[in-house]
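J.: Here you go, sequence then predicted model.
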Amino acid sequence: MDTYERARWRVLNTGHLPGQMNMAVDEAIMLSVLEGRSPPTLRFYGWAPFCLSIGYAQSMAKEVDLDAVRSAGFDYVRRPTGGRAILHGDELTYSVLAPQTEPRVAGSIVESYRRLSLGLVEGLHLLGVQALQSDALTGKLEEKSAACFDAPSHYEITVNGRKLVGSAQMRRKGMVLQHGSLPLCGDITRIIDYLRMPDEDTRRRLRADLRGRATTLAEALGRAAPFDEVAAALAVGFARRLNLELTTGELTAHERQLAEELYRDKYHTDEWNFLR
């Protein structure tokens, strides 16, 4: 088992924000930590309205049905991290922002996934979910989709073989930004309606396959768990497994200013969201 010297991190619950602002806030915190103006941070947040996000290497124009997204009143955004598309709605998202020298995120990306996912698993156990850490790539869709939750990746979290938490990571300027999605409730297959498909038969098959490969917290737990209850349990899980003293805080004025600038100049622009 990994052992760490006690460390003090900040924990934030920033509530529900538009998707493009959520990405701006994550990057703003990362930059503030890089500048030494903020401590390593664990953040919990939601999305309002619903938002379809794509991984950095994906094409919004080629893979997303933007007419359907807009008709539904949803937002869209390109993430700075990798991975595939996610429809963020009835979910809790976590992010970890820390220097790459921090022992809990040091080393390879896969190794840091393993360490951080232990905190998530512990928090889920506190909620009563018998979650496991997926230690290998298992299974592939018969037909590849642009959706994130079609199969578990290294050290992502599963319940009864079905994916519950999907995470992605970015490393830049000696910093680590990892964030991940925990669906709380709802139809995990809804995302299929907002992705481009060659035909309706393909859409139907992918929806059925995805339903068998992914799950929500409510389904795993047998009850609906409120956002704040889940955030509190995950915070305790991180604190216990990673030997952290978590200090409750809020965004600083500097971080808010950075977030506004990043929202305006980056995440709200077509140049960013339609990069490919």
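T.: Received, thanks. Just so you know, these numbers come straight off a predicted model, no measurement behind them.
J.: Show me where the stretch 151-276 of the chain has its strands.
T.: 157-159, 162-172, 175-183, 244-248 (DSSP state E, counting those that start in this stretch).
J.: between the ones you listed, which gets nearest to residue 191?
T.: Nearest to residue 191, of all these, is strand 175-183, at 10.3 Å by Cβ to Cβ. In short, each C-beta sits where N, CA and C put it, glycine included.
J.: List the buried residues for that closest one?
T.: For strand 175-183, the neighbour count (16 or more other Cβ atoms under 10 Å) marks 175-183 as buried.
J.: which residues sit against stretch 53-65?
T.: 19, 23, 52, 66, 76-86, 88, 146, 148, 168, 170, 193-196, 273-274, 276 (Cβ atoms under 8 Å, 6 or more residues apart in numbering).
J.: rerun at 6 Å
T.: Residues outside stretch 53-65 that contact it (Cβ atoms under 6 Å, 6 or more residues apart in numbering) are 77-79, 82-86, 146, 194, 196, 273-274, 276.
J.: from those, which ones fall inside helices?
T.: Residues of those located in helices (DSSP state H): residue 273.
J.: could you flag which of the contacts of stretch 53-65 are buried?
T.: By 16+ other Cβ under 10 Å, the contacts of stretch 53-65 give 77-79, 83-86, 146, 194, 273 as buried.
J.: Counting by contacts, list what the helix ranked longest in the chain packs against.
T.: In the chain, assigned by DSSP H, the helix with the most residues is helix 109-127. Judged by 3 or more Cβ pairs under 6 Å, 6 or more residues apart in numbering; DSSP states H and E, the packing partners of helix 109-127 are helix 227-242.
J.: need the contacts of stretch 53-65 in TSV with pLDDT and distance to residue 203, can you?
T.: Compiled in TSV, the contacts of stretch 53-65 are given as follows (pLDDT from 0 to 100; distance: Cβ to Cβ, whole Å):
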residue	pLDDT	distance to residue 203
77	98	23
78	98	23
79	98	24
82	92	24
83	91	21
84	91	16
85	95	14
86	96	17
146	52	12
194	98	11
196	97	10
273	98	24
274	97	23
276	83	23
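J.: and which of the contacts of stretch 53-65 is nearest residue 8?
T.: residue 79 (28.1 Å).
J.: Count the neighbours of the closest residue in space to that closest one that isn't next to it in sequence for me.
T.: The shortest distance from residue 79 to any non-neighbouring residue, by Cβ to Cβ, 6 or more residues apart in numbering, is to residue 53 (5.1 Å). When neighbours are counted by other Cβ atoms under 10 Å, residue 53 registers 30.
J.: name the element residue 53 belongs to?
T.: Residue 53 is part of strand 51-54 when elements are defined by DSSP states H and E.
J.: Tell me the strands beside that strand, with direction?
T.: According to DSSP bridges, strand 51-54 has the following sheet partners: strand 75-78 (parallel), strand 86-88 (antiparallel).
J.: For residue 10, find the nearest of these.
T.: strand 86-88 (23.0 Å).
J.: Enumerate residues external to that closest one that contact any of its residues.
T.: Everything outside strand 86-88 that qualifies as a contact, by Cβ under 6 Å, 6+ apart, is 47, 51-53, 148, 181, 190-191.
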